[in-house]
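Asks: Just a sequence and a predicted model for now, questions to come.
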Amino acid sequence: MPGSGRPGARLPFDPIDEAARQWGLRWPGVPAMHAVTSLMRVQQLVIGQLDALLRPHGLTFARYEALVLLVFSSRGSLPLGKMGERLQVHPTSVTSIVQRLDAAGLVVRRRHPEDGRAVLAEITEEGRRLVETATRDLVSADFGLGSLSDDQLAALSTLLAPVRHAAGDF
């Protein structure tokens, strides 16, 4: 299967098309194999672009998403368990993300006032300012999807919704 490749390296053919051709000589499921391989490659490309845009801000996309979630919350804070649910990541990942954001002064961790066992992550003013700055950069770069029109972006979201629904996202 095609790997991540070198940035800017261009092949005279589409390696995913060639992988699908080879796949079809051996196994069934070519349309699904082609689609998932394309999807995974685009995911690599987009995450690479987003992380490059966020790196100057000292963020990864995962940390940026956590900060945005806190901005969206009514009090600017959420229990780590709720953050994991909403970000759809493992509790260990949330703990690591919040520890790094805390070390950078972008959130503070506090004991939940009503449940002493739970920990809250609360965004700081510095964290709020950073979200605004980083968001401007992401929006100006069309989140790495500038080659698609608004109609194509909407169609893509609609196309992927049944897969997310079937997986229990919502």
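Replies: Everything's here; your move.
Asks: where does the protein dip in pLDDT?
Replies: Where the chain drops to pLDDT under 70, the residues are 1-8.
Asks: same for the top helix by length along the chain, what does it pack against?
Replies: If you go by DSSP state H, the chain has its longest helix at helix 30-54. With contacts taken as 3 or more CB pairs under 8 Å, 6 or more residues apart in numbering; DSSP states H and E, helix 30-54 sits against helix 15-26, helix 61-72, helix 125-140. For the C-beta atoms, the positions are set from N, CA and C on the backbone; glycine is no exception.
Asks: looking at those helices, which is closest to Ile47?
Replies: With distances scored as CB to CB, the stretch of these nearest to Ile47 is helix 61-72 (6.2 Å).
Asks: Can you list the buried residues in that closest one?
Replies: For helix 61-72, the neighbour count (16 or more other CB atoms under 10 Å) marks 61-70 as buried.
Asks: quick one on the thing from earlier: quick one, which of the helices and strands packed on helix 30-54 is packed in tightest?
Replies: helix 61-72 (a mean of 20; mean count of other CB atoms under 10 Å).
Asks: what lines up beside the helix or strand that comes right after that helix in the sheet?
Replies: Sequence-wise, the next helix or strand downstream of helix 61-72 (DSSP states H and E) is strand 77-79. Next to strand 77-79 in the sheet, as set by DSSP bridges, lie strand 119-123 (antiparallel).
Asks: Next up, the contacts around the residue lying farthest from the centre of the chain.
Replies: In the chain, the residue that sits farthest from the middle, by CA atoms, centre = their mean, is Leu25; the gap is 34.6 Å. With contacts taken as CB atoms under 8 Å, 6 or more residues apart in numbering, Leu25 has no neighbouring residues.
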